[in-house]
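1. Give me a model of this one.
(2 chains)
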Amino acid sequence: MSMKISTRQVDGVTILDLGGRITLGEGSVQLRDSVRDLLGKGQKNILLNLGEVNYIDSSGIGELVSAFTTVKNQGGELKLLNLTRKVHDLLQITKLYTVFDVKDDEAKAIASYAK
Amino acid sequence: MTAQASRITYTLDSSLDSVNKVEETAEQMARKAGVDDDEIFRISMAVREAAVNAVLHGNAYDPQKRMTASFENTGSSLVIRITDEGKGLDPATLPDPLAPENLLRGSGRGIFIIRSFMDEVHFKQLHPGTELTLIKHLGAAPAGA
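-> As a prediction, the model looks like this:
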């Protein structure tokens, strides 16, 4: 039921590959802690790869929003990559799809960051 | 657990395990009713959100307070009732999560998602507590589609 998370660096962008569920409890907390750790290390260009996220609840959506605003407030950029249809639909109905910078190509996403 | 006809009722403690159990039961119920995968996702997610509300916002994880969840297939509808023993919820006071000033809030989307995914949502004050009734009409066009 939990979320898997791994981190890699590509051309000055930190990519978090997320998988599983981002829900109240473990998934949301893991995401918050991971973003906080990156910001603490000065890594402010963050790309969340949600390609393997098969479920997200309102708490997880809220965590994405909080991560987005936290990174932005610290002068960084947080973008989303590879939304599954379910996550895409949820961001559409909550009117968040246009708030986030959503990408579907990793190379283009990395190139889009101001470095 | 008690079973009468096609209704099943659980009385559960105020934990995330209970939320997961309620979500799984809703998924099984929807699958058994023959609805498609997209609708199963919508129903189980709406029920999960209702259970989160009961456990987190209603009962505030209080070990002395219980959540009850009943699941009924009437033949024409799936009816799920979630109750808590909290201080009550007035849906009229909930901020609109789609309003520009609320769009970047980190919470407050649960009831909106429930309403988006179900055909009917009813609130009842229990003094103390709240009962949420979620209804999905079988054979109807999908909500939120």
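
2. For the rest of this, base every contact and every neighbour count on C-alpha atoms.
-> OK.

3. Number of residues surrounding the closest residue to chain A within chain B?
-> Going by C-alpha to the nearest C-alpha, chain A is nearest to B:Gly106 of chain B, at 4.0 Å. Counted with other C-alpha atoms under 10 Å in any protein chain shown, the neighbours of B:Gly106 add up to 19.

4. what sits against it?
-> Listed by C-alpha atoms under 8 Å, 6 or more residues apart in numbering or on different chains, the contact set of B:Gly106 reads A:59, A:61-63, A:65-66.

5. just B:Tyr61 next, same as before
-> Contacts of B:Tyr61 by C-alpha under 8 Å, 6+ apart are B:14-15, B:55.

6. Take these and write them to TSV, including neighbour count, distance to B:Thr93 and pLDDT.
-> TSV is the format used below for the contacts of B:Tyr61 (neighbours: other C-alpha atoms under 10 Å in any protein chain shown; distance: C-alpha to C-alpha, whole Å; pLDDT from 0 to 100):
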residue	neighbour count	distance to B:Thr93	pLDDT
B:Ser14	26	24	97
B:Ser15	21	26	96
B:Val55	28	19	97
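
7. now those as a markdown table including secondary structure and distance to A:Leu83?
-> Shown next, in a markdown table, are those (DSSP: H, G, I helix; E, B strand; the rest coil; distance: C-alpha to C-alpha, whole Å):
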| residue | secondary structure | distance to A:Leu83 |
| --- | --- | --- |
| B:Ser14 | coil | 32 |
| B:Ser15 | coil | 29 |
| B:Val55 | helix | 29 |
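
8. Let me know the closest of those to A:Gln30.
-> Each of those was scored against A:Gln30 by C-alpha to C-alpha, and B:Ser15 proved nearest at 18.7 Å.

9. and the strand ranked longest in chain A, anywhere near chain B?
-> When chain A is parsed with DSSP state E, its longest strand is strand A:45-56. No. Applying C-alpha under 8 Å from any C-alpha of the partner chain, one finds strand A:45-56 out of contact with chain B, separated by at least 8.9 Å.

10. How about B:His57: what's its closest non-neighbour residue?
-> Nearest residue to B:His57, sequence neighbours excluded (C-alpha to C-alpha, 6 or more residues apart in numbering or on different chains): B:Gly86, at 7.6 Å.

11. wait, doesn't that neighbour sit right on B:Gln125?
-> No. If you go by C-alpha atoms under 8 Å, B:Gly86 and B:Gln125 don't touch, sitting 10.1 Å apart.

12. quick one, phi psi at B:Ser70?
-> Taking degrees, to the nearest 10, you get phi -120, psi 140 for the backbone angles of B:Ser70.

13. same question, A:Lys41
-> The phi/psi pair for A:Lys41 (degrees, to the nearest 10) is phi -90, psi 0.

14. which bits of chain A sit near chain B?
-> Residues of chain A lying near chain B (C-alpha under 8 Å from any C-alpha): A:25, A:57-59, A:61-63, A:65-66, A:69, A:93-96.

15. Let's see that with 6 Å instead.
-> A:58, A:62, A:65-66 (C-alpha under 6 Å from any C-alpha of the partner chain).

16. Most neighbours out of those, which is it?
-> Counting by other C-alpha under 10 Å, top hit in the residues of chain A next to chain B: A:Ser58 with 26 neighbours.

17. Next, the contact list for that residue, please.
-> B:109-110 (C-alpha atoms under 6 Å, 6 or more residues apart in numbering or on different chains).

18. can you pull out the helices in chain B?
-> B:16-32, B:37-52, B:110-117 (DSSP state H).
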